[in-house]
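S.K.: Model the structure of this input:
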Amino acid sequence: MPTHGYRRLFHLAIALLIAATALGCPATAHATVPSQPTLNAASIDAYVNAYMERTDLPGAVVAVTRGDRVVHAAGYGHTAAGKAMTARTPVPVASLSKSMTALAVMRLVEDGRVDLDTPAHRYLPEFTMADRRAEKITVRQLLNQTSGMADSAYPDLTRPQPHTLTEAVADMRGARLAARPGTEWNYHNPNYFVAARLVEVVSGRPFADYLAAKVFRPLGMTHTESVNTTDDMPDHARGYVRAYGMMFPRTHPRWFTAGGHGVVTTADDLAQWLIAQNDQGVSAAGRRVVSARSIDITHTPPKGREYAMGWSVTPPGEQPRQIRHTGELLTHNAIQTLLPDSRTGIAIVANTGMISGDDAAVMLDGLVDLAQGKSPAVRTPFTMKADYVLAALTLSAIALGVLGAVRARRWARRTADRPLWRVGLRMLPCAVPIVLFAQLADLVGLSMNREGTLAQLGYVWPALVICSAAAALASTVVITARSLAVLLTRRSRVLAAPGAQDERVDAEQVFVGEARRGK
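M.R.: Okay, the predicted model is just below:
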């Protein structure tokens, strides 16, 4: 592949990325809602149905509350198993589970059995790490995710997955901290594994049982449970990934989930959860399940931060003010938000995976608009535009790879008079796509501050993996073709040089003579 071919590819990539930026602007299409939008069942249905039609989203559940009233709880579309989704369809809510684990800890705090500012090791002696500083991690720091633990030091999703909370905590014994406790914030699931195991040890009962008895049932969440792994979720958490505007059903790999992202619930039960959050710990039936102070603590981040206890707050000045949290599996994504000024609660779970889907977060914007009396715009996930750019880059990489292989002999002839080391340097840029593909998971993980594998990235953003793999393959083909062409060209030139023919004949005669003498 000629050097100017790479320049053309670079310029094409820049142009396509500029186009992607333009395409990334929100769509201007609006759902068919009244001219004076009202947050009710009809307007929510109209918006969600318009969104699903525009994006081909297979299925979702939605819960919307205001004050102590359920505005709407419903299911839309179908599961990956082909079943219609309703308000009672069980769905995994992923990291929305963290706010529920935090509330379970607060129940123990209210009973006087746990102090938030006491080191967790005091309640859970089995929680030890290879870093002595871990003995100072407090219960509050676990819930605020300021413990010093991080994916950079202990990438839990790339390791063999445990089966129980006891195993999950034991597996951390050889891990080190990424920072001194209380000094940095890092989103890290094992913080909540430790918190959930602490609940088990202090309460003397399995975490799932305690959560059901002290949080779910008192709130009226009768169809909600916490499970240990994605294998324990309905249909093994099977959902969809989106690529090039199409949906592909995928089975989720087995992940450990208890405490951090293991709750399975329904739209009906999510509505009960939101009401209690907006009503200072009082259930829809009027029962106080947890104190208003405990709710405030879980919603209030440490000074200078945005993450509280399973909830994040919007930056100061951003309107409307929200307290929310996202949840993401490879095949599902979820979001919950509280609008304190209007006591509105919204929760959405979609059966598409993180990044390739992110439908829940996009839909939330529309429902927040509705809650404010605005006509909601039907936007689409970023990858629905970016994937077409990646498709163009993929085809360009393949075409340039074929072109480079076809022109390899011509390229070799042009470089025949140059030293081999200079020829090697000229081919060095061809190796860049290969290196990028080999490091793709690390690069994406760095941008997300999370660690993952290339196989997991295949769920997260299939089009990106395909594009990177195609570019790496094309580069490999070009490097191979050029290397062979260089060797053949230089060999033929050596053989064609003056005197080379005579030397070859002499060599053949010597060889024949020696062969005869050997006989």
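S.K.: Report the central residue of this structure.
M.R.: The chain has Met354 as the residue nearest its centroid, 4.6 Å off, counting by CA atoms, centre = their mean.
S.K.: What segments of the chain are strands?
M.R.: 59-66, 69-77, 91-92, 225-226, 239-243, 246-250, 263-265, 312-313, 323-328, 333-339, 344-350 (DSSP state E).
S.K.: which helices and strands does the lengthiest helix in the chain pack with?
M.R.: Looking across the chain with DSSP state H, the single longest helix is helix 462-496. Taking 3 or more CB pairs under 8 Å, 6 or more residues apart in numbering; DSSP states H and E as contact, the helices and strands that helix 462-496 lies on are strand 239-243, helix 383-406, helix 408-414, helix 420-427, helix 432-438, helix 440-448, helix 454-460, helix 500-518. All C-beta spots, glycine's among them, are computed from the backbone N, C-alpha and C.
S.K.: Would you mind finding the most buried of these?
M.R.: Ranked by mean neighbour count under mean count of other CB atoms under 10 Å, those are led by strand 239-243, which reaches a mean of 25.
S.K.: hang on, Gln272 packs against Ser283?
M.R.: Yes: if you go by CB atoms under 8 Å, Gln272 and Ser283 touch, sitting 6.7 Å apart.
S.K.: Who has more neighbours out of the two?
M.R.: A side-by-side neighbour count of Gln272 and Ser283, using other CB atoms under 10 Å, places Gln272 first with 26 against 19.
S.K.: pLDDT weak spots in the stretch 301-450 of the chain?
M.R.: Along the stretch 301-450 of the chain, the model assigns pLDDT under 70 to no residue.
S.K.: Try it again at 90.
M.R.: For the stretch 301-450 of the chain, applying pLDDT under 90 flags the ranges 316-318, 354-358, 377, 382, 411-424, 426-427, 442-450.
S.K.: Equivalent analysis for the chain, please.
M.R.: For the chain, the stretches flagged by pLDDT under 90 are 1-38, 316-318, 354-358, 377, 382, 411-424, 426-427, 442-452, 486, 488-519.
S.K.: give me that answer again for 80
M.R.: 1-37, 446-449, 493-519 (pLDDT under 80).
S.K.: ranges for the helices of the stretch 251-400 of the chain?
M.R.: 267-278, 292-299, 359-371, 383-406 (DSSP state H, counting those that start in this stretch).
S.K.: Buried ones in the shortest one, by neighbour count?
M.R.: Neighbour counts over helix 292-299 (16 or more other CB atoms under 10 Å) mark 294-295, 297-299 as buried.
S.K.: which one of the residues you listed sits closest to Ala80?
M.R.: Nearest to Ala80 out of the buried residues of helix 292-299 is Thr298 (CB to CB; 32.7 Å).
S.K.: ok, back up a step: in a markdown table: the buried residues of helix 292-299, plus distance to Leu495.
M.R.: Supplementary listing: the buried residues of helix 292-299 in a markdown table, determined by distance: CB to CB, whole Å:
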| residue | distance to Leu495 |
| --- | --- |
| Ser294 | 86 |
| Ile295 | 85 |
| Ile297 | 83 |
| Thr298 | 80 |
| His299 | 80 |
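S.K.: quick one: contacts for the nearest residue to Leu464 once chain neighbours are set aside?
M.R.: Excluding its sequence neighbours, the residue lying closest to Leu464 (CB to CB, 6 or more residues apart in numbering) is Leu390, at 6.0 Å. Leu390 is in contact with 463-464, 466-467, counting by CB atoms under 8 Å, 6 or more residues apart in numbering.
S.K.: most surrounded residue in these?
M.R.: Within those, most neighbours by other CB under 10 Å means Cys467, with 24 neighbours.
S.K.: Ala397 is in contact with that one, correct?
M.R.: Yes: under the criterion of CB under 8 Å, Cys467 makes contact with Ala397 at 7.2 Å.
S.K.: Buried ones in stretch 227-244, by neighbour count?
M.R.: For stretch 227-244, burial by neighbour count (16+ other CB under 10 Å) applies to 227-234, 236-243.
S.K.: And the furthest pair within those?
M.R.: Between all members of these, the farthest pair (by CB to CB) comes out as Asn228 and Ala243, at 30.2 Å.
S.K.: hmm, back to that, which stretch among the helices of the stretch 251-400 of the chain approaches Arg133 most closely?
M.R.: helix 292-299 (24.6 Å).
S.K.: CA-only coordinates of the closest one, as CSV, when you get a sec.
M.R.: Extracted C-alpha coordinates of helix 292-299, given in CSV (Å, rounded to 0.1, in the frame of the first residue of the first chain):
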residue,chain,number,x,y,z
ALA,A,292,-35.7,10.4,56.4
ARG,A,293,-32.1,11.0,57.6
SER,A,294,-31.0,7.7,56.1
ILE,A,295,-32.5,8.6,52.8
ASP,A,296,-30.7,12.0,52.9
ILE,A,297,-27.4,10.3,53.7
THR,A,298,-27.7,8.0,50.7
HIS,A,299,-28.5,10.9,48.5
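S.K.: tell me the angle of that helix relative to strand 333-339?
M.R.: 130 degrees (axes from the mean of the first three to the mean of the last three CA atoms, to 10 degrees).
S.K.: Pull the contacting residues for Pro218.
M.R.: 283, 287, 289 are the contacts of Pro218 under CB under 8 Å, 6+ apart.
S.K.: Out of the residues you listed, which comes closest to Thr344?
M.R.: The closest of these, once distances to Thr344 are taken by CB to CB, is Ser283, at 17.5 Å.
S.K.: Now find how far off-centre stretch 451-467 is within its chain.
M.R.: 10 Å (CA atoms, centre = their mean, to the nearest Å).
S.K.: what's the answer for stretch 139-158, then?
M.R.: 17 Å.
S.K.: and what of stretch 391-405?
M.R.: Using CA atoms, centre = their mean, the offset of stretch 391-405 from its chain centre is 29 Å.
S.K.: For Thr314, which non-adjacent residue is closest in space?
M.R.: That would be Gln322: by CB to CB, 6+ apart, it lies 4.7 Å from Thr314.
S.K.: swap in Ala178?
M.R.: For Ala178, ignoring the flanking residues on the chain, the nearest one in space by CB to CB, 6+ apart is Ala150 at 3.7 Å.
S.K.: before we move on, what about Ala81?
M.R.: Leaving aside its chain neighbours, Ala81 sits nearest to Asp235 (5.1 Å; criterion: CB to CB, 6+ apart).
S.K.: distance of that neighbour from Val362?
M.R.: 24 Å (CB to CB, to the nearest Å).
S.K.: same question, Val486
M.R.: For Val486, the distance to Val362 - CB to CB - is 51 Å.
S.K.: now do Thr138
M.R.: Distance, Thr138 to Val362, using CB to CB: 36 Å.
S.K.: what sits against the closest residue to Ala84 other than its chain neighbours?
M.R.: The spatially closest residue to Ala84, leaving aside those adjacent along the chain, is His78, at 5.6 Å (CB to CB, 6+ apart). By CB under 8 Å, 6+ apart, the contact set of His78 is 58-59, 84-85.
S.K.: and what of Trp185?
M.R.: Residues near Trp185 by CB under 8 Å, 6+ apart: 144-146, 305, 307.
S.K.: separation between it and Thr146?
M.R.: Trp185 sits 5 Å away from Thr146, going by CB to CB.
S.K.: Show me whatever sits in contact with both of these two.
M.R.: Arg305.
S.K.: show me what contacts Val93?
M.R.: Val93 neighbours (CB under 8 Å, 6+ apart): 261, 263-265, 270, 327, 334, 336, 347, 349.
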